[in-house]
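Novice: return atomic coordinates for the entry below.
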Amino acid sequence: MYLLEFIQLDGHGENARDTCPGCCTDPATFCCQDCDDMQLYCGKCSLANHAWSPTHRIQKWNGVFFEVSLLKTLGLQVQLGHPIGQPCILPQSAFNNDFVLIDTNRIHEIGLDFCGCETSERHVKQLLHHGWFPSMSTDPRTVLTFRLLHHYQILSFESKALAYEFYHSLVRLTDNTGMMKCMLDRYDRFMWMVHEWQHLTILKRFRRGHDPSGVDGTLQGECVVLCPACLQPGKNLPDGWQTATKAKWWLYAVFLAINTNFWLKRQNISSDQADPSLLKGWAYFVDEKDYKSFLAEHLTDAQEKSTCSSHNAVNMVETKQSQGLVATGVGTVDCARHNFKWPNGVGDLQKGEKYINMDYLFFSTLRGTQLEMLNVSYDIACQWHKNLWARMQSFPQSHGLDYLSKVIRFFIPKFHLPAHVAKCQMIFSFNFTHFVGQMDGEAPERGWSNINPVASSTKAMGPGCRRDTLDDHFGDWNWKKTVRLGASLLYKMKDALAKKAAHALAFEEFDAVITLKHRSAWLAEMQAWEDNPNNTSISNPLEVKAMAITQVGVRLKLAELEAEELHMLVASGIDLEEEQHRLANITESMGQHTTNRQKGSLMQMRNSLRCRIDMWRRTQVLYLLAVQGLIDQAATHEGHENAECIYLWLPSQLGTKPYDPHLQDNEWELCYAQAHDALEELWQCLQIHCSLLTFKREWVHGQGANTRAQNALARIHQRCMACVKRYWSAWMALKSLATIMKKNSWQGRLQELANNHIKPLMDPYATGEGRRHVSWIWMMDGVDHGNEGDDDGVRIKWCKTHARALEEMCRVLEFFTWQRAWWEEQGKACIGECAADIEGLRAYAA
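Specialist: Next up is the predicted model:
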C-alpha cells in the first residue's frame, strides 16, 4: 500500500482535472512541490499563487510525466523596494537578467527587478531588506537567503557538514541527473557569503551594532561567549570579593586547562594577505599579526629537555612532521571546570608543542583578568612551569602577570598523571590538593571530539577563513555549554551531596580506629602541608612509606624475647608451607602436556622439599608431642602424596591438643606478619601488572611483541595468585589461633580477601578517582591497631567539605541577571540612521 501511494504521486493521482480550479477555464498542468495544495493549476494561476513564494519548485505535466519548470519562465518577476503586487515606475533589471537565488530547497534562476525610484536604496541594501545576502557589493548576480545561511550554520555546528557537500547537495536537488550544464558553479561565491555571514552574526551577537564606536571599536577577545559560572568581576561577584580572607580564596579561584590538538592542521594554502581574518583577534584566536611577530623574535630560543618521563611533547618538539603544513595544530586555554574556550586562548602551532607558543596563549588569555588564586592544568606542567616566570620577562608589559601577589598552583590532568614519575604524581595531583573538588583537568580533551570532524575541511582553507570558522565553532560550543549549564550544575550538586555523604561515612569509620595522639599529629602535619603546597622543606604526608610490619622485623623481635629453638621451629614450618605453595603453583603452570625434562625437574624439587620436611619433623615431634600420633596415622598415605600436599601440623592446625603456649604466640606473630608481607608483595605485583598493561595497550604492536607481553602479564598474574594463597594461608591460621587463644577484635585492618578486592590502586580500566572505592588492601599502611601499632603510619588527608556547585549556581544566576540588565541598557541607548534601524536594534536587545 505504501509503495503504491508513493508511486501514485508521480502522476496526477486523485488531483486530475481538465480545467484549472482557480480560473475554471485554462487546462490544469502545473503543480508545486512545496505548497501543501496538491492540486494542478494553469500557468496564470500558478504565477499568481507564487507571487509571495518565488522560491517554490514548479512542475509541468507534459501528458506523460511531470517535468521541471521555472517560475521565471512563467513570467514571475520579483520586484524589490515595493510591497508585493505594487509595481515600480522605474524598474531596473538585474545585471544581464542573470540572477541566481540559492535557498534550502534548490538553486533558483529568478527574474528580478530593483527599484529605480528617486528615493530607492542601493541595490545591495534592497536585497538585504528582502532577507537575501548578496555575493558582492556591486552588480550582484547571486544571493543566499538568510534562511539558508542560518540553516547551514546550525547544520555545520551539529553535524560538521562540509560546505562543499552542502552546496553540492543543493546542486543535486536542482538537477540530480547532472545534465543541466548551463548553470555556473557558484561554490566559491557560496563560501564567500558563508564566511561573511559568520562574521556578521558574531558582531551582531556581541552588540557591535549597538555600540556607538561601531565595529572598529571592538576590543581583543570581546566577541566571546563567557562562562557564567567563572569569575566575571562586575557581573557575578559580590562587592569586596578581592578582600576575602585566605580561607575563602577558593571561592574566587580561576581554573585553566592548557592543551593542544594536532588534528586541526592547515596546509600551505593561500596567505594572510590573500585571505585575512575578519575577526582579527576579537574572539578566541589571538591576533595573528602580533602572535607571529612575537614568535619571530624568539625563533632561536632553546627549549629545555624533560627531567620527568620522556615526554614526546617536550623532547621531540622539533621533529614534529610539518612538511606541506603551515600549522601542525592548535593550542588552547580552556576553563577547566566548565569546559569553555577562553578569549584569545587559541593559536596555531608552527612546529610541535613549543613552550613559547603555549606561553603566549596563556598570558594572552589572562590579559586584564582579575584573580587572586589561579589553578593551571597542563599535561606537561611539571616541565612547562619551571622557568615560566623567567620566560615571561620577554613578553610585552600588557601580557605580564603579578604572580608574586597571587596564589598560583600547577596540576597534571588525572588521565595523564600515571605517565609521570612518582614525584610528579604526588606534587601535581588534583587528588591530594585542597580546594579543587572533583576537578580532573581533562576539559579540553572532551571538546576535541566536537571540533575534530571540522579538521577535514579547515585544513584546506585559507588562514583567515580557517580561523574565523573555528572561532564560530568555538563560540557555538560555549553557547551550548551555557544553555546546558543549569541542568549540569544541578546534576553535579546532587551527585556531590550523595558522594559527600558516602565518603564522610567511610572516613568516619576509618577515623574511629585512629588514636587521638595520631589523629592530632597527622592533622597538624596535613594542615601544614596544605597551607604551604610549594614549600619543599615540608614533608608530604601522602607519600607512600614502607610497611611497618615485616616478617624480618617480627623474627628479630622474637629472637630477642624467646628461645631460638622455638622460634626457628615455627618459622621453618611457615617457610616450608610457602615452599609447598610455590611448588604447587609451578605444578599448575606446567599444564597437562609436560616434557620429560619438566617432569624430571619437578621430581627433583619434590624430593628436595620432602627431605627438608622430614628433617624439620624430627625437631617438631620434640616440642609438639601430639603431632607424632597424627604423623603415624597419615604415614600410610603420605608415602604416596606429593611433597606439596603433606600436612605440616603447625600449632594453628592442632586445635585443642596440648603443646607449649609459646609456640602459639610465635605462630601468631609470624602469621600476622606473613599476611602483611603477602599484601605488600601483592601491591607490587598489581602495580607492575597495571603498568605493563598500560604499556602494552599504548606501545606494543604486532603478533610477536603482543605474545611476549602476554607472557609477561601471565607471569605477573601467577605471582599475584601466589601472594593471594600466602595471605589465605596466614588468614586461616590466624582465625584458628584466635579461637584457641581467645583473641577478640584481632583483625585490625586485615580482612578476608575476596576476588573483587584484588585490584590496582590506579586501574586504567576502572572508574574515576572520585567515584571509585579503594580496596581495603590499599589502606594497610601504618594502621595503629593492637599492641604493635607503629607511629609511621598512613597519612590521612582530612579535607573540609565545601559545596562548590551551589556557589557556582548562584554565580550563574548573577551573571544572567547582569547580562539581562546590560542588554536592556543597550536597547535604550540605541543610535541609528533611521527609525527602522533603531527599532531593529531595540528588538534584538530585548
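Novice: which parts of the stretch 401-550 of the chain are helices?
Specialist: 422-427, 443-451, 455-458, 463-483, 485-511, 516-531 (DSSP state H, counting those that start in this stretch).
Novice: center of this structure - which residue?
Specialist: Taking Cα atoms, centre = their mean, the centroid of the chain lies closest to Arg446, which sits 3.2 Å from it.
Novice: Glu578: which of the helices of the stretch 401-550 of the chain is closest?
Specialist: Ranking the helices of the stretch 401-550 of the chain by proximity to Glu578 (Cβ to Cβ) places helix 422-427 first, at 29.8 Å. For glycine as for every other residue, the C-beta is placed from the backbone atoms N, C-alpha and C.
Novice: how about Glu578, what does it touch?
Specialist: Arg726 (Cβ atoms under 8 Å, 6 or more residues apart in numbering).
Novice: give me the element it is part of.
Specialist: Assigned by DSSP states H and E, Glu578 belongs to helix 564-590.
Novice: how far out from the middle of the chain is that helix?
Specialist: Put simply, helix 564-590 sits 50 Å off its chain's centre (Cα atoms, centre = their mean, to the nearest Å).
Novice: the helix or strand that that helix is followed by vs helix 564-590, what angle?
Specialist: Later in the chain than helix 564-590, the nearest helix or strand by DSSP H and E is helix 596-623. For helix 596-623 against helix 564-590, the angle by axes from the mean of the first three to the mean of the last three Cα atoms, to 10 degrees is 160 degrees.
Novice: grab the nearest non-local neighbour of Cys830.
Specialist: Leu841 (4.0 Å; Cβ to Cβ, 6 or more residues apart in numbering).
Novice: distance check, the spatially closest residue to Cys117 that is not a sequence neighbour against Ile356.
Specialist: Excluding the flanking residues, the one nearest Cys117 by Cβ to Cβ, 6+ apart is Leu90, at 5.6 Å. Using Cβ to Cβ, to the nearest Å, Leu90 is found at 62 Å from Ile356.
Novice: of these two, which one has the most company?
Specialist: The neighbour count for Leu90 versus Ile356, taken as other Cβ atoms under 10 Å, is higher for Ile356 (17 against 12).
Novice: tell me the most buried of the helices of the stretch 401-550 of the chain?
Specialist: Greatest average neighbour count among the helices of the stretch 401-550 of the chain goes to helix 463-483 (a mean of 21), per mean count of other Cβ atoms under 10 Å.
Novice: ok, now how distant is the residue nearest to the centre of the chain from Gln397?
Specialist: For Arg446, the distance to Gln397 - Cβ to Cβ - is 35 Å.
Novice: got it, and Gln580?
Specialist: Look at Gln580 and Gln397: by Cβ to Cβ, they are 75 Å apart.
Novice: who has more neighbours out of the two?
Specialist: Gln580 (21 against 5).
Novice: surely that one meets Glu641?
Specialist: No. Taking contacts as Cβ atoms under 8 Å, Gln580 lies outside contact range of Glu641: 11.1 Å.
Novice: can you pull the residues that touch both of the two?
Specialist: With Cβ under 8 Å, 6+ apart, Gln580 and Glu641 have no common neighbours.
Novice: who's in contact with Tyr291?
Specialist: Taking Cβ under 8 Å, 6+ apart as the test, what Tyr291 contacts is 347-348, 360.
Novice: sec struct for it, please.
Specialist: Judged by DSSP: H, G, I helix; E, B strand; the rest coil, the three-state class of Tyr291 is helix.
Novice: before we move on, what about His168?
Specialist: Secondary structure, three-state DSSP: His168 is helix.
Novice: how many residues are close by it?
Specialist: 13.
Novice: got a pLDDT number for the nearest residue in space to it that is not next to it in sequence?
Specialist: Counting by Cβ to Cβ, 6+ apart, Tyr187 is the residue found nearest to His168 once chain neighbours are left out, at 7.8 Å. pLDDT for Tyr187: 91.
Novice: could you measure from Tyr187 over to Arg467?
Specialist: Going from Tyr187 to Arg467 by Cβ to Cβ gives 21 Å.
Novice: ditto for Lys351
Specialist: From Lys351 to Arg467 the distance is 18 Å (Cβ to Cβ).
Novice: Phe146 too?
Specialist: 24 Å.
Novice: quick one on the thing from earlier: so the residue nearest to the centre of the chain makes contact with Asn339?
Specialist: Yes. Contact criterion Cβ under 8 Å: Arg446 and Asn339 qualify, at 5.9 Å.
Novice: next, Ala843: secondary structure please.
Specialist: Per three-state DSSP, Ala843 ends up helix.
Novice: ok, it - contacts?
Specialist: Ala843 touches nothing, counting by Cβ under 8 Å, 6+ apart.
Novice: and the pLDDT at it?
Specialist: You'll see Ala843 listed with a pLDDT of 78.
Novice: quick one: it and Gln126, what's the gap?
Specialist: Ala843 is 21 Å from Gln126, by Cβ to Cβ.
Novice: show me the helices in the stretch 101-250 of the chain, by range?
Specialist: Going by DSSP H, counting those that start in this stretch, the stretch 101-250 of the chain shows helices at 123-129, 146-159, 163-174, 187-205.
Novice: and the second one, what's its mean pLDDT?
Specialist: Model confidence over helix 146-159, given as mean pLDDT, is 95.
Novice: check which helices and strands it sits against.
Specialist: strand 132-134, helix 163-174, helix 187-205, helix 463-483 (3 or more Cβ pairs under 8 Å, 6 or more residues apart in numbering; DSSP states H and E).
Novice: out of the ones you listed, which gets nearest to Cys830?
Specialist: Comparing the helices and strands packed on helix 146-159 by Cβ to Cβ, helix 187-205 comes nearest, at 13.4 Å.
Novice: can you state the direction angle for that closest one and helix 146-159?
Specialist: Helix 187-205 and helix 146-159 are oriented at 90 degrees to each other (the same axes, to 10 degrees).
Novice: list the buried residues in helix 187-205.
Specialist: 189-200, 202-203 (16 or more other Cβ atoms under 10 Å).
Novice: circling back to that earlier point, out of the helices of the stretch 401-550 of the chain, which comes closest to Leu753?
Specialist: helix 485-511 (18.7 Å).
Novice: sorry, back to before: now do the same contact list for the residue nearest to Cys117.
Specialist: Per Cβ under 8 Å, 6+ apart, neighbours of Leu90: 115-117.
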